[in-house]
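Asker: Sequence plus the predicted model coming up.
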Amino acid sequence: MVLSIILIILAFVAIIVVKTILFKSKQESVSPVEPVAIDAEPVLARLSSAIRLKTISSQEQTASDLEPFLEFHRFLEQSYPQVHQKLKREVINQYSLLYKWPGSDESLKPVAFLAHIDVVPVEPGTEKEWRYDAYGGKIADGFIWGRGSMDMKATLTGLMEAVEELVGQGFQPKRTFYFAFGHDEEVGGNEGAAKIAEHLKNNGVKAEFTLDEGMVILNEDLSPTKKKLALVGIAEKGYVTLKLTVKTEGGHSSMPPSETALGTLCQAISNLETNQMPASLSGVVGQLFDYIAPEMTLVQKILLANRWLFKRLLLRQLTKTNSMNAMMRTTTAPTIIQGGVKENVLPSQAYALVNFRVLPGDTVSDVIEHAKKVINNPVVEIALHGRANGEASPISGLDTLGYRMISKTIRQLFPGTAVAPGLVMGGTDSKHYTSITENNYRFGPVIYGPDDPGRIHGTDERLSIEDYIKSIQYYIQFMKTVSSGS
């Protein structure tokens, strides 16, 4: 009996050791390249001008609100004359733009580069908290400051700078390039990116892949590998909001019933928070672990190489971190609760909104069924809320031209940086392009530290001058590399 136990233990140890040894690095060996020299002063001046145009998105916009978008179109024409001489430009749905750079080889599938013109508004009352004017495009302290510097006018102008440079060099891509700039990404993209994608589909365009915003390079402080880690989004979570409504008779607060509208509603919310949808180590997060574990410490490598054995331990530990928890499950977030008009009156009706970000592999229907099961109270009405009820995106491939070229260019221009697939928590315009390609990637060639994520949509949004120059160099190199698919 004792011998049998010892043999079983040894067998487990042997399996663990073998699986750990076989867990080899997936990082491609790539020689660094010398980036194209960029004159910083004029490119920064153009980005500054772009930031000063208040292309702000809101759900209900008037013609005057949209005038800055037309100004932005004119700004692009004036700032990038060679682009507008060489490429075909189409205005889509009045405010979005589509550029086509025809390739010399029509047998090659095109690539679409995505960006958006719009930005989120500055939260009222926080304007004075900004170090510099939120729409000033100030260049100071090694950064360019203002709304859109990170999300994502710098990407849009960075792409235009790259094309302007390449056209000036006389470069002719073998593969056709599209540049699709939607005007309403921050409110869902239904009038911008969706219309562009529909236009491309109606014209028979089948793309090799798209490249959009979504993930970045984490510096040593943020990276779990403790060295620079570039995360390439291969999928994004879905989005659904449920409205929970409870109706009762109401009455005077001096004689409350055993169950009130607010009490019942709060219990339903508590049940949802306490009983989350299950976390998983498979799917995109499993692919992430396959790529980053070989770059980590021996103990971490052992655990992640043997997820079959350490699954419970890993789930328990990883879900304690908000970012990892969000990557591993469909999240539950109560965001609004409403009920009552006076302190001594029981409300006859109360409601709450609960937002779910849907993990690839789960569906909106799964979320609704889960909510019904967990709440388990017929008094609580459960209904879909709002327009943005979308499934999670398909998962794009890793053994594809797109992923290989993105990874290769990262390692060419950011030597020593590991590259791994990741899951985008928020929404991007990429979700609208699944009708023209199976592979939609989400990556921006900038480096983030611990202080940076909170600036996106927040106060003191800024981008380092070094990162902006590097991103232009990245797009130039990437377009050259992907042009012929080599």
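Answerer: Noted; the coordinates are in hand.
Asker: what residue ranges in this structure are flagged as low confidence?
Answerer: Applying pLDDT under 70 to the chain flags residues 7-10, 12, 388, 485-486.
Asker: Pick out the residue nearest the middle of it.
Answerer: Gly214 (3.0 Å; C-alpha atoms, centre = their mean).
Asker: who's in contact with that one?
Answerer: Neighbour list for Gly214: 233, 236, 424, 428, 430, 441-444 [criterion: C-beta atoms under 8 Å, 6 or more residues apart in numbering]. In this view, the C-beta of every residue, glycine as well, is placed from N, C-alpha and C.
Asker: Helices of the stretch 101-250 of the chain, start to end?
Answerer: Taking DSSP state H, counting those that start in this stretch, the helices of the stretch 101-250 of the chain run over residues 153-169, 193-202.
Asker: what's the longest one in contact with?
Answerer: The reference is to helix 153-169. Identification of contacts with helix 153-169 by C-beta under 8 Å, 6+ apart yields 36, 38, 43, 46-47, 50-51, 76, 79-80, 82-83, 85-87, 99, 101, 113, 115-117, 119, 144, 148, 177, 179, 181, 213, 444, 446, 463, 468, 471-472, 475-476, 479-480.
Asker: Filter the residues you listed down to the ones in strands?
Answerer: Of these, the ones assigned to strands by DSSP state E are 99, 101, 113, 115-116, 144, 177, 179, 181, 463.
Asker: Show me which pair in these is furthest apart.
Answerer: The distance between the two most remote of those (C-beta to C-beta) is 26.6 Å, for Trp101 and Ile144.
Asker: Just want to know which of the two has more residues nearby.
Answerer: The neighbour comparison of Trp101 against Ile144 (other C-beta atoms under 10 Å) goes to Ile144, with 28 against 24.
Asker: any idea how far the more buried one lies from Ile469?
Answerer: In this structure, Ile144 and Ile469 are 11 Å apart, going by C-beta to C-beta, to the nearest Å.
Asker: cool, and Phe414?
Answerer: 13 Å.
Asker: just the buried members of the contacts of helix 153-169?
Answerer: 38, 43, 46-47, 50-51, 76, 79-80, 83, 86-87, 99, 101, 113, 115-117, 119, 144, 148, 177, 179, 181, 213, 444, 446, 463, 468, 471-472, 475-476, 479-480 (16 or more other C-beta atoms under 10 Å).
Asker: ok, Val216 - contacts?
Answerer: Residues counted as contacts of Val216 (C-beta under 8 Å, 6+ apart) are 230-231, 443-448.
Asker: make it 6 Å
Answerer: By C-beta atoms under 6 Å, 6 or more residues apart in numbering, the residues touching Val216 are 444, 446, 448.
Asker: any idea which of those residues is closest to Leu3?
Answerer: The shortest approach to Leu3 among the contacts of Val216 belongs to Tyr448, at 54.3 Å (C-beta to C-beta).
Asker: Give the burial count for the closest one, as a bare number.
Answerer: Neighbouring residues of Tyr448 were enumerated by other C-beta under 10 Å; the total is 21.
Asker: Please verify my assumption that Arg462 contacts Gly148.
Answerer: No: between Arg462 and Gly148 there is no contact, the gap being 10.7 Å when judged by C-beta atoms under 6 Å.
Asker: Need the residues touching each of Ile144 and Ile469.
Answerer: Shared contacts of Ile144 and Ile469 (C-beta under 6 Å, 6+ apart): none.
Asker: in the sheet, who's paired with the residue nearest to Trp101 when sequence neighbours are not counted?
Answerer: Take Trp101 and drop its neighbours on the chain: the residue closest to it by C-beta to C-beta, 6 or more residues apart in numbering is Phe177, 4.3 Å away. Beta-bridge pairing for Phe177 (DSSP bridges): Trp101, Val111.
Asker: what about Phe177, distance to Ile456?
Answerer: As judged by C-beta to C-beta, Phe177 and Ile456 stand 27 Å apart.
Asker: same check, this time on Pro415
Answerer: Distance of Pro415 to Ile456, computed by C-beta to C-beta: 27 Å.
Asker: now swap in Trp130 and tell me
Answerer: Distance, Trp130 to Ile456, by C-beta to C-beta: 14 Å.
Asker: more neighbours, those two?
Answerer: Between Trp130 and Ile456, counted using other C-beta under 10 Å, Trp130 has the larger neighbour count: 19 against 15.
Asker: check contacts around the more buried one.
Answerer: Trp130 neighbours (C-beta under 6 Å, 6+ apart): 459-460.
Asker: one step back: just say which of the helices of the stretch 101-250 of the chain is most tucked in.
Answerer: Across the helices of the stretch 101-250 of the chain, averaging neighbours per residue (mean count of other C-beta atoms under 10 Å) puts helix 153-169 on top, at a mean of 23.
Asker: what is the orientation angle of that one with strand 177-182?
Answerer: With axes from the mean of the first three to the mean of the last three C-alpha atoms, to 10 degrees defining the directions, helix 153-169 sits at 150 degrees from strand 177-182.
Asker: How far off centre is helix 153-169?
Answerer: 22 Å (C-alpha atoms, centre = their mean, to the nearest Å).
Asker: Please apply the same query to stretch 337-355.
Answerer: For stretch 337-355, the distance to the chain centre is 34 Å (C-alpha atoms, centre = their mean).
Asker: if I read this right, Val380 contacts Ala268, doesn't it?
Answerer: Yes: Val380 lies in contact with Ala268 (C-beta under 6 Å); the separation is 4.8 Å.
Asker: Overlap of the contact sets of these two?
Answerer: Joint contacts of Val380 and Ala268 (C-beta under 6 Å, 6+ apart) are Leu244.
Asker: can you tell me which of the helices of the stretch 101-250 of the chain comes nearest to Glu249?
Answerer: Across the helices of the stretch 101-250 of the chain, Glu249 has its closest neighbour in helix 193-202 (44.8 Å, C-beta to C-beta).
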